[in-house]
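Asker: The following block contains a protein sequence and its predicted model.
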2 protein chains.
Amino acid sequence: MTDARKFGMAAAVVAAVGFAGTQQARADEGMWLPSQLPAIAEKLRAAGYQGDPAALADLTRPPMNAVVSLGGCTASFVSPKGLVVTNHHCAMGAIQLNSTSQDNLIENGFIAADMAAERSAGPAARVLVTVAFDKVTDRILADARGKTGRAYYDAVDAAEKALVAECEADAGYRCSVADMDYGTDFYLVKQLELKDIRLVYAPPEAIGNYGDEIDNFMWPRHSGDFAFYRAYVGPDGKPAPFAEDNVPYTPPAWLTVSTDPVGEGDFAMLAGYPGRTFRHRTAMEFAEQVQDTLPSRVDIYGALVDTIEKAAAGDAEAQVLYAAQLASLENGLKRAQGELDGLRRSDAVATRAADEAAMLAWFGKQAGAEAALADIEAAKQLIAAAHATSDRDTLFDLMLSQTQLLGSAYRLQRLALERGKPDAQRESGYQQRDEARIEAALKQVQRRYDAKVEKAILAELLRRYRALPAGQRIAELDAVFGADATAASAALDRIYAATTLGDADVRLGLLAADPATVQSSDDALMQVAAKLLPAVLRDEDVEKQRAGDLLRLRPSYMRGWAGYGAANGKPLYPDANSTLRVSYGKVSSLDPRDGVHYTPLTTVKGIVEKHTGVVPFDAPDPLLAAIAKGDFGTTADPVLETQTVDFMTNLDTTGGNSGSPVLDAKGRLIGLNFDSNWEAVSASWMYDPRYKRAIHVDIRYLRWLLAKVYPAPHLLEEMNLPAE
Amino acid sequence: MTDARKFGMAAAVVAAVGFAGTQQARADEGMWLPSQLPAIAEKLRAAGYQGDPAALADLTRPPMNAVVSLGGCTASFVSPKGLVVTNHHCAMGAIQLNSTSQDNLIENGFIAADMAAERSAGPAARVLVTVAFDKVTDRILADARGKTGRAYYDAVDAAEKALVAECEADAGYRCSVADMDYGTDFYLVKQLELKDIRLVYAPPEAIGNYGDEIDNFMWPRHSGDFAFYRAYVGPDGKPAPFAEDNVPYTPPAWLTVSTDPVGEGDFAMLAGYPGRTFRHRTAMEFAEQVQDTLPSRVDIYGALVDTIEKAAAGDAEAQVLYAAQLASLENGLKRAQGELDGLRRSDAVATRAADEAAMLAWFGKQAGAEAALADIEAAKQLIAAAHATSDRDTLFDLMLSQTQLLGSAYRLQRLALERGKPDAQRESGYQQRDEARIEAALKQVQRRYDAKVEKAILAELLRRYRALPAGQRIAELDAVFGADATAASAALDRIYAATTLGDADVRLGLLAADPATVQSSDDALMQVAAKLLPAVLRDEDVEKQRAGDLLRLRPSYMRGWAGYGAANGKPLYPDANSTLRVSYGKVSSLDPRDGVHYTPLTTVKGIVEKHTGVVPFDAPDPLLAAIAKGDFGTTADPVLETQTVDFMTNLDTTGGNSGSPVLDAKGRLIGLNFDSNWEAVSASWMYDPRYKRAIHVDIRYLRWLLAKVYPAPHLLEEMNLPAE
């Protein structure tokens, strides 16, 4: 931990070197529910918004219902004929599906000459249009109130399932319940589920994904990360699967594409479906994350990387088998380190502690807050209790998730157990709809498994497990692997010598077998999994108990923040939960580190500078030629006097915001969100205005490509845009 | 060559994307001889210089004679008691010499409490004070005039040697002849050679070399790359080796250290001893460099890296033996690629061709220029002829320089040959004073040699040699290694099986043996070397013939440039040749690539940001603590409101300028030059004002460290600086 401690010291020094505190400048922080916008109308106008904030308040009415979900990505309608624009990386599945070696849409891009030429994005593609967003808190909590722990959890779960089933009785709709502010409120989200989605336009991957992994999370950026879909419905206007005689869907609203320039300081606004943030977690959880969870993740992932590399050294085949797992661990390691560095740089622990202390001091003075404060105290004790076993829980999880054969044995035993229940009561991930995925995973074990490497992984995880305090023991684990390194090594050798799970037929046979056969299998690893299963179930039950109580208790904490915020003129936005949110701010430069300043707009000059001719910097010849020609027409930037490519704002985003439309002060489309900067990887916990930026395709680059490089004049016309 | 061609295309596109041409803004280009400064006095004043340019014209008078050479580095006097300031990396030899494991000056730094505590920098350390700089062209060329080729070369060489011997008859001085403008003029440089140099102050390496190789050539930079020496003389005031009773030298001049802030756009000036540039080479040589020499170096170095890695794969011992050679090849590869990228980015070939064409057009119209134009044409033919065999010459050189055993055999045979001549007539590198170095090289072969790797290197170089056009054949090489791969492989196996040169005693025995014994050695590799020697000698003779003719012809080319420059109000500075030069310009930011802007000053914030606790980013605790304390006193920047560390200017520098004093408009010391930026690695050929920057320690950082972090109040007092 010496390095980590030094890191900590450096971060503290950075914090002390006279920087502006992060609080004072958090003006642009916030992933607002549309319904909150009227309440912050004054701030929105002061920031430069020229429309009526009240008009944005209902996400089921224009213009907000032009913003749709693709499930994981955001998109928006840009024409009355169902034309949808999103990111190239969000449409990648559809592009791949339609690519062959003869007709490689990934490499060459795709332009449908007319509607007849548009290609199905496949049966799984969806465009989801939100038609209702209703608060259902009373109904969800009716049965839970008065209960605690697991009973509270189960009551909420049952109420949600009932409501969703009721809502989905209306054919053509997908419904879900969103938990807002950690159990404070619940919303029923009803979405029209469009199922005939077609690919209309995609640039070559060398444009849509220029820079790929090397530029990922980086600025300056030069990606044309956009693509067009079109949504179709049956001749009756209702959602329908792909069919020749389907007709373009007429959306309730569509965005106007801007033809004005964009420059530093300009107002910008973004709507989309951010996935998950942790901004309103307790100060205790911030401290745990920075002081323990992230450093320990860095430590364990690093150790697993070393272990795999060492075990596979000199064995070229094993190196290939573990390449994907290694890449995934290294990526996780890099992200954890980035998040850790960011939270330390932002002095997040101290900042959150000071903020929370101020909130609680205020809350303590409010009449009738005693019960809420007691709830908060109780919640903190639950959080601390959960954290007390987190090292052990993490190691146990990794034993099942970072192994192929032991993981398969566990999944087979678990599925056998769950198959004994009605489908609705099965554990999530083991329901009937999950079985195809489980089968696929069992099949591909062959491509990712080597016995000596898996044993080395388990030996390392068990070594770490045994080093934990005695109170953390898992009896089942000790029974299987013994109490010391010698015993563990002997057990691993014995078990892996006596298992036939390395044979795909054996695994798939067990998948097809009835539960009793699976449970009584005499395969050594299947028996190990059967012995460990009770420990997993016990942990899960403890976790659901806690989850139920936290769902009951955290609303008091959120009530404190809401009251404190209201008293200080700072309304509270809920943490992201995949519901539609709006953030606003401005086109912004970034000073990522001492001596370096990033300008907020990039230009085609950068495409050429990065071009090496080798993937991912292999700009297509037509693009290079068009840049050299310098014919940028109406899309050229009047100040920079060249074609812009991407731009950066301080908008508040997270994963799920991919494809989100970026709007100007008049609500017109000026860009598509597609990434964040590396310095903002910690923003899921804390928005630091010095470092949080979002990265967007400049809509002028899209327009230029459609006008001059890979022409699609009919689409420009459909969007009412100039031909060049 | 496909990649290189694509690179070329990208560079051409960059050049076409509407950038400002490089010519128009070359205002700050120039490594001026002090004697030229009166001629550009108006420009110097317009740039902001407030002193009298005429006062800078004589480099043997104050203040220019405060600037001294350390032989390879530049330094300057900063007190009347012989105190000298230079770079930490220029004083590294002295710091190492005085370091022990108990008293580690590298790690801990060094502060001499008083003069008695100052430590000898060792017998080889020198401070050279220029006392005379006289044009001796007539004397040098007197005997050469009328001659051509080798005779011209030998006449110049003999005249130089005679002049130097005459000058050095004056005890205590070192003399040399500098060739200015490629044979146009010659100067006799007479320098007082101070030999008792002592280490006075050095920061810890973690400050002096913060960032080391990772930050090398990079901006933003956070190095405190400075150290202090003091020069001593005998009690009689004359140069003397180290002795207890020596006294501090009283320099003829010393610089005043500025106490004013420095900011973007401020005038800056630098004096130093830049090593070598190629700015005034012909357009043909620019084209050769960019289209052939550099790409081919990238290609060959890359192939040698691959060859060594492949040959040593799976042999850990061989990998260790070749680690240094690999690192050196990779470094050479990186530099060549950087220079190539830079020259392409600057469109150097086309720019130089256009400039030269304009100059020649002008020159052609001048009366009496016919002879000069004929000289230029003749010079170009010689250059083309040299280039015609350059691929072969390079490969032949690499066979002797990239091998340990064959290289040793060659050096032993060459030395045996040279030992038969009077020492003064021996080839440079094989004189008596070189023998210790040769012995050391022969001894360390053991640590860098593995037979299979050396054979693989030779096989690869021979394969490339055989692929050259037939006219490039070297008969001796063909005789030894045969005409095809099979023969070469068999020859290599046979030769390396039959040599005993892998034995250090055998090599050192041959070094000690008389020439006849060496020449008749029956060792297989010694015989190979004896057979190849005539080819080397033949090549050298051809090269000296050409060198003599170019020395005779190039002055006509330079005369064209001088006249053309004068006619256009653009005086010509000579290419760098290790003589004292002055450049002027300003504190400058840099836009290294699209979207990125480097500010010209860095601050202590960046030290903390980079700090990881691991070398080379292991800022010492006292430094981190002082930064956290934020007590920057009079050294804080009034605008940035914190302590600056390094700054960047557009001053014209190259290798040898390390340690050069950077002066402000009033001639006061504001910084020490210590590096260039990566984007300027091609500046030895072309100064591109968009990318050429020099990197300096801010003298305020030095002052702050001496005042508050590693205190040396007596040195501040000696320099008339405030105590804090």
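Answerer: Structure's in. What do you need?
Asker: From now on I want contacts and neighbour counts done on CA atoms only, so please keep to that.
Answerer: Noted.
Asker: right, is stretch A:598-611 up against chain B?
Answerer: Yes: counting by C-alpha under 8 Å from any C-alpha of the partner chain, chain B is contacted by stretch A:598-611 at A:598, A:599, A:600, A:601, A:602, A:603, A:605, A:606, A:608, A:609, A:611.
Asker: Which one (most neighbours) among these?
Answerer: residue A:601 (31 neighbours; other C-alpha atoms under 10 Å in any protein chain shown).
Asker: Show the model's pLDDT score for that residue.
Answerer: According to the prediction, residue A:601 has pLDDT 98.
Asker: Contact partners for it?
Answerer: Residue A:601 makes contact with A:263, A:264, A:644, A:645, A:646, A:647, A:648, B:595 under the criterion C-alpha atoms under 8 Å, 6 or more residues apart in numbering or on different chains.
Asker: residue ranges with poor pLDDT in the stretch 1-150 of chain A?
Answerer: A:1-27 (pLDDT under 70).
Asker: mind listing the helices for it?
Answerer: A:2-16, A:41-47, A:92-97, A:105-108, A:137-141, A:149-168 (DSSP state H, counting those that start in this stretch).
Asker: for those helices, which one sits closest to chain B?
Answerer: Ranking the helices of the stretch 1-150 of chain A by proximity to chain B (C-alpha to the nearest C-alpha) places helix A:2-16 first, at 5.2 Å.
Asker: returning to that earlier point: nearest to residue B:441, out of the helices of the stretch 1-150 of chain A?
Answerer: helix A:2-16 (40.6 Å; C-alpha to C-alpha).
Asker: what would the residues of stretch A:598-611 next to chain B look like in JSON lines with distance to residue A:75 and secondary structure?
Answerer: Compiled in JSON lines, those are given as follows (distance: C-alpha to C-alpha, whole Å; DSSP: H, G, I helix; E, B strand; the rest coil):
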{"residue": "A:598", "distance to residue A:75": "28", "secondary structure": "strand"}
{"residue": "A:599", "distance to residue A:75": "27", "secondary structure": "coil"}
{"residue": "A:600", "distance to residue A:75": "23", "secondary structure": "coil"}
{"residue": "A:601", "distance to residue A:75": "22", "secondary structure": "strand"}
{"residue": "A:602", "distance to residue A:75": "23", "secondary structure": "strand"}
{"residue": "A:603", "distance to residue A:75": "24", "secondary structure": "strand"}
{"residue": "A:605", "distance to residue A:75": "28", "secondary structure": "helix"}
{"residue": "A:606", "distance to residue A:75": "27", "secondary structure": "helix"}
{"residue": "A:608", "distance to residue A:75": "29", "secondary structure": "helix"}
{"residue": "A:609", "distance to residue A:75": "31", "secondary structure": "helix"}
{"residue": "A:611", "distance to residue A:75": "29", "secondary structure": "coil"}
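Asker: Now for the residue in the stretch 201-350 of chain A positioned nearest to chain B: which residues touch it?
Answerer: Of all residues in the stretch 201-350 of chain A, residue A:220 sits closest to chain B, at 5.3 Å by C-alpha to the nearest C-alpha. Contacts for residue A:220 (C-alpha under 8 Å, 6+ apart) come out as A:598, A:602, B:594, B:595, B:596.
Asker: returning to what we had before: hmm, which two among the contacts of residue A:601 are most spread apart?
Answerer: Using C-alpha to C-alpha, the pair of the contacts of residue A:601 lying farthest apart is A:264 and A:645, separated by 14.3 Å.
Asker: what about the two, which has more around it?
Answerer: residue A:645 (24 against 15).
Asker: Could you measure from the more buried one over to chain B?
Answerer: As judged by C-alpha to the nearest C-alpha, to the nearest Å, residue A:645 and chain B stand 11 Å apart.
Asker: ok, which stretches of the stretch 301-450 of chain A are strands?
Answerer: Taking DSSP state E, counting those that start in this stretch as the test, none of the stretch 301-450 of chain A falls into strands.
Asker: the domain parsing of chain A - what is it?
Answerer: A:66-255, A:391-546 (automatic domain parsing).
Asker: and the last one, average pLDDT?
Answerer: Mean pLDDT, taken over the full extent of domain A:391-546, equals 95.
Asker: From the opening residue of that domain to its closing one, how far?
Answerer: Terminal residues of domain A:391-546 are spaced 17 Å apart (C-alpha to C-alpha, to the nearest Å).
Asker: Tell me which residue of chain A is furthest from the middle?
Answerer: Residue farthest from the centre of chain A, counting by C-alpha atoms, centre = their mean, is residue A:486 at 41.7 Å.
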